[in-house]
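A.B. asks: no sequence on hand, only this structure:
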């Protein structure tokens, strides 16, 4: 129930203007979690929970052979590509719309999509994209450079909803042009190394001008067909039915420029409860589960059902213990009530030394993650930086104690260290109600910190409550994660001074910074890496920036999480992992798997699946059990009330 | 004779009468097999809760010093198996009994106080004043417990979780008691001695505190034992839904962890069965006591027995 995956904070939506909507989206997620909560007891006492009801009402049961049904654990927060924030939402945008470029299935590098080819001018200030001819919108109209120009121009409008969603990489774009129907040009004031990555799937979608120019209030537009008009896109699938909190049905686009998909339909079914979702997969109601927790994955592994294939591979999720390094607004006004000791780099370093990351991963994730030090995911191999062994703060409680001694925090009477100011080292540690593993991990971290003389006061709050607390600087430590895209600009921008909170009168609105890090040297490196066009030189700068973050212990980065997925191999075949070395099979940069999968055809005279007879056995067992227990209870009742009946 | 001595004499007579009634109650209770079984069970469970530090080492609650391996089935070392952190389920249940019982009792106190107050006032006052209390009871009776409890838990999220759970259960479970107490209060109100008191000029306070309340108290006590079991069940439910304090082991949070961490699909039946059984045993014990008390206090039930 609360094992829904963390609402990933995506680099794609990296701008402070967005924050109001971030919270609103998260509030919706919380409401759904509460509903999930209601679902739980129903499931426990045997009546169908809303989770099962959902899958029953969805076109999931006994679905056609070429209809692909996928279970998702986080609901799509919005089908409007300028509003949604969660991974399944971006997955839906990639189904419905096209982008100038795509991320290759091998290594996520930019490959042609709507743009057949592109070039930059010698000074690196002009990008020219040559568009594919003959691409049509789902209502039959032609997709031209006017649509592309329209889509990019709206992202450039300062302080707009569109700018908040996709604008971070376009800060130095001066203008966009469509000199003819098949050409699109972007002009920048200085070189922009992260521009191409922002044109990939997950970046700026190309939307139909003739539809969106008539939409007045973009921020509140649902884009789910609820206004009676069909949703128009150019992607490989088109939305036909959206039932928020239940399911989303997409129909294949037979005239897709890159070839029609091999499946007729694709449905995403939302489950509030993981256990129910796994059962639906086992029963064949759904064909794919996009994200499993380690423990549910382990259960499937132990069962080793031959019709279920498991996919375990690296992911771009990086989990951290966030630290309040000194909350302040963009104009350096201190805010919140963070513990002053966390401004001291030695204290922050000591915290990382105290955590046994390997045990954390082994116990709470059953070993399905990789211990992390540097902040970027190894999956973004081009921009990955791992600290040299001598620099790594591996588990060493004695070293942690020594650092705290040096910083002047001496052991107090009750084992909690006290600073020179007389303030004990008592930190609030926030875990999230939506992520059960974070609650589990908080217990471990609390016990390890106790051993070095730090008291962690663990509190469990919802995602939206934590977003609010962080924005106001009312926290000391928290457990959360990021999904980092292939270009490092998104990651690095999160640690810049300008992403700290802003104050308007008394109202504080959070930026994307959750560490309140503001370091002149780092700022400099950030600015350099944006304009450095030579990948080798840019790599040196990015490495230095990541090293700066690590040396200053901005986070205690904990682990690189893995993709854990499961699917029915007797239903579909031909999945394309991204990256090729066992990465995610869905929710990719692009729609590689969705366009490649084919219904599985069993070889002739294949043995009949014994699923049916097994179900009969289970039901028979349940009936027998009910009779035995019921009989026993009845007999006991009769005996105990014998005196009353006479 | 001064008025003071009169008062003292009257007071001591009342006390002697109450003592005799209590002794009589106990004599009958002792003979009630069901009631006695329930009471013995309760004493045993309370002893376990009190003696938790002696029965199971507190280090067994620690995740970093957990003695076992992940999800070990029941064995000679771990009678009830272990959880994913390698902590013995038995240790969690023994220590969890403290939270479950504390929450159960504390919530019951809140529930009984509100229920008795509203019930007595609804029975005592006639006209619109009684109607208000009556409608309030109706309102709380018809609202389904879970949605209200979940909404209230969100409202109190600023409080320490344990306190929030106690308050939520307390203010959602008093309506049944209020209805019961009101019915009893109405029958008391109809008796001649209350009419006499009124004729002698007794005010509302005197009527309620000296005549109505003492007469509904036995019913309240019998109802208390039943409410405790409901409160414990409610605590388990709320904790199971993740609304409890996830960092303090209670039976509900153990079940919550088991469910959230896919214990059943991983075959760890012991992680669900044992805390579940604990809840069943305690709830059943309180019910047995409650039913026995009811039988003794309600003459109609006594005659049938």
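C.D. replies: The structure has been received and is ready for your questions. Keep in mind that this is a model prediction, so the values were computed, not measured.
A.B. asks: what's the average pLDDT for the helix or strand harbouring residue A:536?
C.D. replies: If you go by DSSP states H and E, residue A:536 is part of helix A:535-551. In this model, helix A:535-551 has an average pLDDT of 96.
A.B. asks: report the inter-axis angle for the helix or strand just after that helix versus helix A:535-551.
C.D. replies: For helix A:535-551, the succeeding helix or strand toward the C-terminus, using DSSP H and E, is strand A:555-568. Orientation check (axes from the mean of the first three to the mean of the last three Cα atoms, to 10 degrees): strand A:555-568 against helix A:535-551 gives 110 degrees.
A.B. asks: which residues sit against whichever helix or strand comes after strand A:555-568?
C.D. replies: Note on strand A:555-568: by DSSP H and E, the next helix or strand toward the C-terminus is strand A:572-573. Contacts with strand A:572-573, where a contact means Cβ atoms under 8 Å, 6 or more residues apart in numbering or on different chains, come from A:68, A:263, A:287-288, A:597-600. In this view, the C-beta of every residue, glycine as well, is placed from N, C-alpha and C.
A.B. asks: same check on stretch A:542-552?
C.D. replies: By Cβ under 8 Å, 6+ apart, stretch A:542-552 touches A:325, A:345, A:348, A:373-376, A:383, A:385, A:387, A:391, A:488, A:492, A:495, A:517, A:519, A:521-522, A:525-526, A:529, A:555, A:557.
A.B. asks: how about 6 Å then?
C.D. replies: A:345, A:374-375, A:383, A:385, A:387, A:488, A:492, A:522, A:525, A:529 (Cβ atoms under 6 Å, 6 or more residues apart in numbering or on different chains).
A.B. asks: pick out the most distant pair among these.
C.D. replies: A:345 and A:383 (24.4 Å; Cβ to Cβ).
A.B. asks: look at those two and report which has more neighbours.
C.D. replies: Remark: of residue A:345 and residue A:383, residue A:383 carries more neighbours, 22 against 15, as counted by other Cβ atoms under 10 Å in any protein chain shown.
A.B. asks: for the closest residue to residue B:148 other than its chain neighbours, give its distance to residue B:141.
C.D. replies: Spatial nearest neighbour of residue B:148, excluding adjacent residues (Cβ to Cβ, 6 or more residues apart in numbering or on different chains): residue B:172 at 5.4 Å. Plainly put, residue B:172 is 11 Å away from residue B:141 if you go by Cβ to Cβ, to the nearest Å.
A.B. asks: what about the residue in chain B positioned nearest to chain A, which SS state?
C.D. replies: Of all residues in chain B, the one sitting closest to chain A is residue B:265 (3.5 Å; Cβ to the nearest Cβ). Recorded secondary structure, residue B:265: coil (DSSP: H, G, I helix; E, B strand; the rest coil).
A.B. asks: over to residue A:120: give its phi and psi.
C.D. replies: With angles defined as degrees, to the nearest 10, residue A:120 sits at phi -110, psi 150.
A.B. asks: so what's it up against?
C.D. replies: Neighbour list for residue A:120: residue A:127 [criterion: Cβ under 6 Å, 6+ apart].
A.B. asks: which SSE is the most centrally placed residue in chain B in?
C.D. replies: With distances taken as Cα atoms, centre = their mean, the residue of chain B nearest its centroid is residue B:228 (1.5 Å). Element membership of residue B:228 [criterion: DSSP H and E] is helix B:213-240.
A.B. asks: packing partners for the next helix or strand after that helix?
C.D. replies: Proceeding N to C from helix B:213-240, the next assigned helix or strand is helix B:251-260, under DSSP H and E. For helix B:251-260, the packing partners by 3 or more Cβ pairs under 6 Å, 6 or more residues apart in numbering or on different chains; DSSP states H and E come out as helix B:89-124, helix B:213-240, helix B:270-297.
A.B. asks: related to what we said a few turns ago, and the residue nearest to residue B:148, what pLDDT?
C.D. replies: Note for residue B:172: predicted pLDDT of 90.
A.B. asks: same question for residue B:159.
C.D. replies: Per-residue confidence at residue B:159 stands at 79 (pLDDT).
A.B. asks: where does residue A:348 sit: helix, strand or coil?
C.D. replies: helix.
A.B. asks: for the closest residue to it other than its chain neighbours, what are its contacts?
C.D. replies: Nearest residue to residue A:348 in three dimensions, chain neighbours excluded: residue A:553, at 3.8 Å (Cβ to Cβ, 6+ apart). Residues near residue A:553 by Cβ under 6 Å, 6+ apart: A:345, A:348-349, A:352.
A.B. asks: can I have the buried ones of those residues as a ChimeraX selection?
C.D. replies: Buried subset of the contacts of residue A:553, written as a ChimeraX selection, criterion 16 or more other Cβ atoms under 10 Å in any protein chain shown:
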select /A:348,349,352
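A.B. asks: list just the nearest of the contacts of residue A:553 to chain B.
C.D. replies: residue A:352 (16.3 Å).
A.B. asks: quick check, that closest one in a helix?
C.D. replies: Yes - with three-state DSSP as the criterion, residue A:352 is located in a helix.
A.B. asks: in which helix or strand does the residue of the stretch 201-350 of chain A at minimum distance from chain B reside?
C.D. replies: Residue of the stretch 201-350 of chain A nearest chain B, by Cβ to the nearest Cβ: residue A:299 (3.5 Å). Assigned by DSSP H and E, residue A:299 belongs to helix A:294-303.
A.B. asks: buried stuff in that helix?
C.D. replies: Under the neighbour-count criterion of 16+ other Cβ under 10 Å, helix A:294-303 has A:294-301 buried.
A.B. asks: also stretch B:21-41?
C.D. replies: Judged by neighbour count (16+ other Cβ under 10 Å), stretch B:21-41 contains these buried residues: B:29, B:32, B:34-35, B:37-39, B:41.
A.B. asks: mean confidence score for that stretch?
C.D. replies: Mean predicted confidence for stretch B:21-41 is 90.
A.B. asks: residue A:214: neighbour count?
C.D. replies: Residues lying near residue A:214 (other Cβ under 10 Å) number 8.
A.B. asks: name the SS class of it, please.
C.D. replies: Secondary structure, three-state DSSP: residue A:214 is coil.
A.B. asks: measure residue A:506 to chain B for me?
C.D. replies: Here residue A:506 is placed at a distance of 20 Å from chain B (Cβ to the nearest Cβ, to the nearest Å).
A.B. asks: do the same with residue A:461
C.D. replies: Taking Cβ to the nearest Cβ, one finds residue A:461 at 8 Å from chain B.
A.B. asks: show the contacting residues for that residue.
C.D. replies: The contact partners of residue A:461, taken as Cβ under 6 Å, 6+ apart, are residue A:430.
A.B. asks: could you rerun that using 8 Å?
C.D. replies: Counted by Cβ under 8 Å, 6+ apart, residue A:461 has contacts A:430-433, A:469, B:157.
A.B. asks: just residue A:347 next, same as before
C.D. replies: A:341, A:403-404, A:407, A:409, A:425.
A.B. asks: dump those to a markdown table, plus neighbour count.
C.D. replies: Converted to a markdown table, the contacts of residue A:347 look like this (neighbours: other Cβ atoms under 10 Å in any protein chain shown):
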| residue | neighbour count |
| --- | --- |
| A:341 | 24 |
| A:403 | 24 |
| A:404 | 27 |
| A:407 | 20 |
| A:409 | 26 |
| A:425 | 25 |
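A.B. asks: hang on, the earlier thing: from the contacts of stretch A:542-552, list the buried ones, please.
C.D. replies: The neighbour count (16+ other Cβ under 10 Å) marks A:374-375, A:383, A:385, A:488, A:492, A:522, A:525, A:529 as buried among the contacts of stretch A:542-552.
A.B. asks: from those, which is closest to residue B:105?
C.D. replies: In terms of Cβ to Cβ, no member of the buried ones among the contacts of stretch A:542-552 lies closer to residue B:105 than residue A:375, at 48.8 Å.
A.B. asks: the closest one touches residue A:557, doesn't it?
C.D. replies: Yes - assessed by Cβ atoms under 8 Å, residue A:375 is found in contact with residue A:557 at 5.4 Å.
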